[in-house]
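**Q** Whatever this is, show me its structure:
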Amino acid sequence: MSQPNRKIAALPPLPKQEHDDALELPGSGHSDETVIADPAELAAAAAVMEPAKPKGKNKDKGSPKEAPKKAKAPKLPWRQRIGVSAFVTYIVLGTIFLVSGGLGWYALNTLYTNKLQDIWAITFLELEEQGNQLLKRVGTHWDDHSEPTKSALTDGKFGREALLLVRSANAFQTMRGDFPSDISAKSFQLKNTAPTARWNVWQYAGKTYLAVRVDENWSEGRFGEKFPRGDYFVLLPLDVAKWFDHSLLADSERNTFYLLTREGRLVFSNHADVTSGNYMNRPLIQKFINSPVRQGQVDFDGEDGPSYGFFFEVPDTNLLMFSETSKRVALAPVRAITRNYALTILFVLLGVALAIQVPISNFVVAPLRELVQMADDVGDGNFDVSARRLGLGELTVLSQSFVGMAKNLVTRDKKIQGLLVVEQEKHRLKEELALAQSIQDNFLMDSVLPVASGIEVAAQYTPCTECAGDWYGYFYDEATNQTVCALADVSGHGAASAMFTAIIASAFEDMRMVCQQKGELFPLEEFSDRLNRLIRRLGKGKMHATMVAARFQRNNNILSVINAGHPFPILLPPAEDGRKGVPLAGSSDALGLGDEIKHFVNEVEFLPGMSLFMYTDGLIEGRADKKLYTERRINKAVKLQPGQNINQMVIRVYEDWRKFLADSPPTDDVCLLAMRATS
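**A** Now for the predicted structure:
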């Protein structure tokens with residue numbers, strides 16, 4: 001798979017005014033205020049200069065010098081913002097946290113694993129025991145009602161059981177019982193009159209019966225009269241709920257249990273959410289339908305989150321038993337232990353923090369703060385400083401050395417300040433620009449997509465200045481089997497545009513993470529709406545952007561493309577096809593121009609070998625002599641040759657564009673992004 005190619009073309013130097021514009025980051029414009037030098041730099045400069053001599057004997061040593069106006073303090077790096085006490089506390093607490101957290105994780109993970117094993121074993125054994133008990137009770141119920149009683153033979157009363165004669169493959173004739181004289185197998189939700197098991201549970205008119213196949217001899221012995229030769233079914237009324245343990249009925253909060261017939265009738269459930277109208281929609285039922293085994297246990301995503309499911313076919317019957325246990329409920333004791341352990345660790349860390357802070361604050365932090373205050377006074381131009389609080393060892397020596405240094409700087413600060421103002425401003429601007437460029441580089445991807453994505457991707461990125469307003473990104477989600485590529489162009493270029501590319505990149509990454517966590521497709525329209533709101537709010541109506549995003553679903557080879565005011569991407573057929581590329585026309589509104597935008601999404605079939613080429617408008621803005629790099633020339637350069645990969649095609653377009661520019665500098669940032677479906 002091709003590696004995304006990122007190159008920054010060598011551009012001619014800009015005029016001085018253009019450099020100044022490019023270096024002005026938000027909130028960091030030039031200031032007329034005096035910049036105070038770092039004390040260490042002042043000391044180094046003072047060491048090489050000749051000390052000044054006081055004039056006259058009556059020099060007022062104690063008269064304070066008028067301090068110059070204090071400059072706005074720049075933001076300190078993280079090492080200067082963290083105090084010594086905080087650093088020591090972090091190290092100690094971090095060590096305690098790592099050790100206790102590691103041991104706790106090991107113990108809790110072991111407990112978690114054992115708990116899962118117990119849940120699997122206990123729940124399945126309970127279900128199997130319920131099945132065996134159910135089979136035993138069915139046999140007992142049959143034995144209790146199958147033999148003729150003395151009163152039945154003498155009085156002609158045969159109880160509530162019914163007797164059905166099998167007339168055909170799909171019909172019965174009622175010989176005894178409260179049923180229509182002719183009744184079909186479909187009335188019992190049966191495909192035919194052939195029995196599926198030794199003991200069969202049938203339902204009719206809201207009542208449940210035990211159906212057992214018998215012959216005319218059994219029927220004559222049971223009812224004391226002669227019956228036609230043939231196959232019969234005797235139906236005994238059942239009350240299935242009485243056959244289950246009370247604990248099973250009362251434990252619906254932890255376990256959801258339900259009993260079905262193989263013909264698809266709900267016989268019994270201990271949970272009100274399981275009804276005859278919705279039980280087929282339950283994930284466990286779907287797992288069972290796709291499973292070839294007669295009993296088993298599975299993981300699945302239930303209505304209450306991750307769950308464990310168990311199913312068991314009761315032998316010699318047409319009954320299926322199902323049990324569902326929510327992972328959240330089953331592991332509640334483990335979570336409670338974890339919460340209590342975390343609270344204990346928290347209290348321990350608070351106690352250790354207090355024990356560390358007291359001595360460090362008195363003997364280290366307080367002297368250091370005084371030293372910092374002296375440094376601030378020297379920075380303000382007040383060199384009449386003295387150390388009042390002495391710390392341990394080197395802190396005392398450092399304080400005294402600093403006081404001596406401050407006295408030697410009384411007559412030299414003006415000369416040093418004049419030298420350092422220019423140098424410090426240059427250094428600050430250089431660092432800020434380098435940092436901004438480094439941060440923006442991190443937003444651009446250089447990794448390849450996995451083979452499983454079915455997509456090759458290649459990119460070419462050429463900023464016009466140190467910081468650019470173009471951005472691209474892509475990712476592949478294995479769970480949803482989707483690949484998403486996006487390309488954006490913020491108005492203008494430089495630091496201000498670069499800040500908005502950071503906003504776009506952050507929004508893209510946030511939405512990617514949310515979609516992967518939920519297992520959903522990347523929402524192209526929602527992503528456009530979110531960017532529109534961010535740019536509209538943060539840009540105050542002064543900034544806008546265009547964007548094109550493509551989502552490929554490998555399971556159906558559908559490519560969905562949304563265009564927000566961006567140049568039309570080009571859809572290319574396979575290299576062997578020989579046809580020209582076709583622009584995907586149709587565009588939504590640009591981002592940031594209004595409170596709401598209209599969406600336009602193209603959906604096309606994206607078969608193996610097909611490619612999509614996307615670019616920013618810097619590619620077609622031309623050169624200094626007003627000649628444009630036309631879309632016709634793009635279509636000619638973008639055409640894939642047999643045997644070429646997608647990266648070679650992007651490089652060919654870029655090199656053709658550079659050749660077209662000749663010696664003219666680009667007037668805008670340029671970004672190329674291409675994706676191709678693999679076989």
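**Q** Residue 591 versus the most centrally placed residue in the chain, what's the distance?
**A** With distances taken as C-alpha atoms, centre = their mean, the residue of the chain nearest its centroid is residue 513 (2.6 Å). Separation of residue 513 from residue 591 (C-beta to C-beta, to the nearest Å) stands at 21 Å. Any C-beta I mention is one placed from the backbone N, CA and C, and that applies to glycine too.
**Q** Residue 175 too?
**A** Between residue 175 and residue 591 the distance, using C-beta to C-beta, works out to 79 Å.
**Q** These two - which one has more neighbours?
**A** Between residue 175 and residue 591, counted using other C-beta atoms under 10 Å, the more crowded position is residue 591 (31 against 20).
**Q** That one contacts residue 597, doesn't it?
**A** Yes: with contact defined as C-beta atoms under 8 Å, residue 591 and residue 597 form a contacting pair (6.9 Å).
**Q** and the nearest residue to residue 321 once chain neighbours are set aside, what does it touch?
**A** Leaving out its chain neighbours, the residue that sits closest to residue 321 by C-beta to C-beta, 6 or more residues apart in numbering is residue 312, at 4.6 Å. Shown here is residue 312, whose contacts under the criterion C-beta atoms under 8 Å, 6 or more residues apart in numbering are 124, 127, 128, 130, 131, 294, 295, 320, 321.
**Q** just the strands in the stretch 301-450 of the chain please.
**A** Counting by DSSP state E, counting those that start in this stretch, residue ranges of the strands within the stretch 301-450 of the chain are 305-313, 319-326.
**Q** who wins for proximity to residue 658 among those strands?
**A** Judged by C-beta to C-beta, the one of those that comes nearest to residue 658 is strand 305-313, at 54.3 Å.
**Q** The closest one to strand 319-326, inter-axis angle?
**A** Orientation note: strand 305-313 sits at an angle of 160 degrees relative to strand 319-326 (axes from the mean of the first three to the mean of the last three C-alpha atoms, to 10 degrees).
**Q** Count the residues that sit near residue 599.
**A** Around residue 599 there are 15 residues (other C-beta under 10 Å).
**Q** Could you pull out the helices in the stretch 401-550 of the chain for me?
**A** Using DSSP state H, counting those that start in this stretch, the helices assigned to the stretch 401-550 of the chain run over residues 413-443, 495-518, 524-539.
**Q** For the residue nearest to residue 176 when sequence neighbours are not counted, list each beta-bridge partner.
**A** With C-beta to C-beta, 6+ apart as the criterion, residue 176 has its nearest non-adjacent residue at 3.9 Å, and that residue is residue 163. Bridge pairing for residue 163 (DSSP bridges) gives the partners residue 176, residue 234.
**Q** doesn't residue 223 make contact with residue 163?
**A** Yes: distance between residue 163 and residue 223: 7.0 Å, which falls inside the contact criterion (C-beta under 8 Å).
**Q** In terms of neighbours, single out the busier of those two.
**A** Looking at residue 163 and residue 223 with other C-beta under 10 Å, you find the greater number of neighbours at residue 163, namely 22 against 19.
**Q** ok, the more buried one - contacts?
**A** Counting by C-beta under 8 Å, 6+ apart, residue 163 has contacts 174, 175, 176, 177, 219, 223, 227, 232, 233, 234, 235.
**Q** Before I go, just wanted to say thanks for your time.
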